[in-house]
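Undergrad: give me coordinates for this.
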Amino acid sequence: MLFTPDTITQTHLLTLAPTSQLASVLAQSAAQHDHLCPRQVLGARMGLLGAQLLGVERPNRDKRLLVFVETDGCAADGISAATGCTVGHRTLHMIDFGKVAATFVDTLSGQAIRIVPHREARERATQYMPQARSHWHAQLEAYQFMSDEELLQVQRVELRVSLERLLSKPGYRVNCEACGEEILNERDVLREGIVLCRACAGEDYYQIVQV
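TA: Next up is the predicted model:
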């Protein structure tokens, strides 16, 4: 049910509170991020829902859950806090589409779901918290207790990338035959029989400055 300014009472506001599970995740995210913001709350809610819908345990300890986030920043921190997926564990991958969105993958079953904020989430937050100091504060508070249906949209998706290729083989490493640097996780490129890193193969994002 979506409350409006006319139907929200003080009793409603007292009962519409974040769950203890969400509160714990937000505390962890805020500690890592140095503050709490609406997008962290969105990320946390997305992470909790994604794990729940896939039926995987959280925090993720066995690398069964894999997450693709579509932008860096606050939402990614919330997702990481909720799921336990991190860049260091190779369970959190950033694909920079500039969207507060994430795809959650059960690597055991291959099932994948993509979760995005509902298009009307901001407006609904304002309806919930008409006395808030700003839209930002309304979102910060309301996102913590709005229902999943009001706040988020879920899509079943199929990956276009190979999970086997993405996850690679444990301990795999080779050296680039051009620069000599080590390459992990089968990210090498074979050109005319020569093993190259992606930078030496022309996919570099930097230019070496001679000093």
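Undergrad: all contacts plus neighbour counts: C-alpha atoms, from now on.
TA: Fine.
Undergrad: distance of residue 148 from residue 38?
TA: 15 Å (C-alpha to C-alpha, to the nearest Å).
Undergrad: these two: which is more packed in?
TA: residue 38 (21 against 15; other C-alpha atoms under 10 Å).
Undergrad: any idea how far residue 177 is from the more buried one?
TA: 47 Å.
Undergrad: what's the answer for residue 40, then?
TA: 43 Å.
Undergrad: neighbour count for those two, which is higher?
TA: Neighbours per residue (other C-alpha under 10 Å) separate residue 40 from residue 177, with residue 40 holding more: 27 against 13.
Undergrad: ok, residues contacting the helix or strand that contains that one?
TA: Applying DSSP states H and E as the criterion places residue 40 in helix 38-54. With contact meaning C-alpha atoms under 8 Å, 6 or more residues apart in numbering, helix 38-54 is reached by 22, 25-26, 29, 57-58, 65, 74-83, 100, 102, 104-106, 111-113, 115-117, 136-137, 139-141, 143-144, 148, 152.
Undergrad: filter the residues you listed down to the buried ones.
TA: Among these, the ones that count as buried by 16 or more other C-alpha atoms under 10 Å are 22, 25-26, 29, 58, 65, 74-83, 100, 102, 104-106, 112-113, 115-117, 137, 139-141, 143-144, 152.
Undergrad: now intersect these with the helices, please.
TA: 22, 25-26, 29, 74-83, 137, 139-141 (DSSP state H).
Undergrad: please parse the chain into its domains.
TA: 10-163, 168-203 (automatic domain parsing).
Undergrad: which one of the ones you listed lies closest to residue 210?
TA: In terms of C-alpha to C-alpha, the element of the domains of the chain nearest to residue 210 is domain 168-203, at 15.1 Å.
Undergrad: quick one: buried residues of that closest one?
TA: 174, 176, 183-184, 186-189, 195-199.
Undergrad: for residue 148, give me its contacts.
TA: 45, 49.
Undergrad: for it, grab phi and psi.
TA: As for residue 148, its main-chain torsions (degrees, to the nearest 10) stand at phi -60, psi -40.
Undergrad: quick revisit: compute the inter-axis angle for the helix holding residue 40 and helix 74-83.
TA: Interaxial angle of helix 38-54 relative to helix 74-83 (axes from the mean of the first three to the mean of the last three C-alpha atoms, to 10 degrees): 40 degrees.
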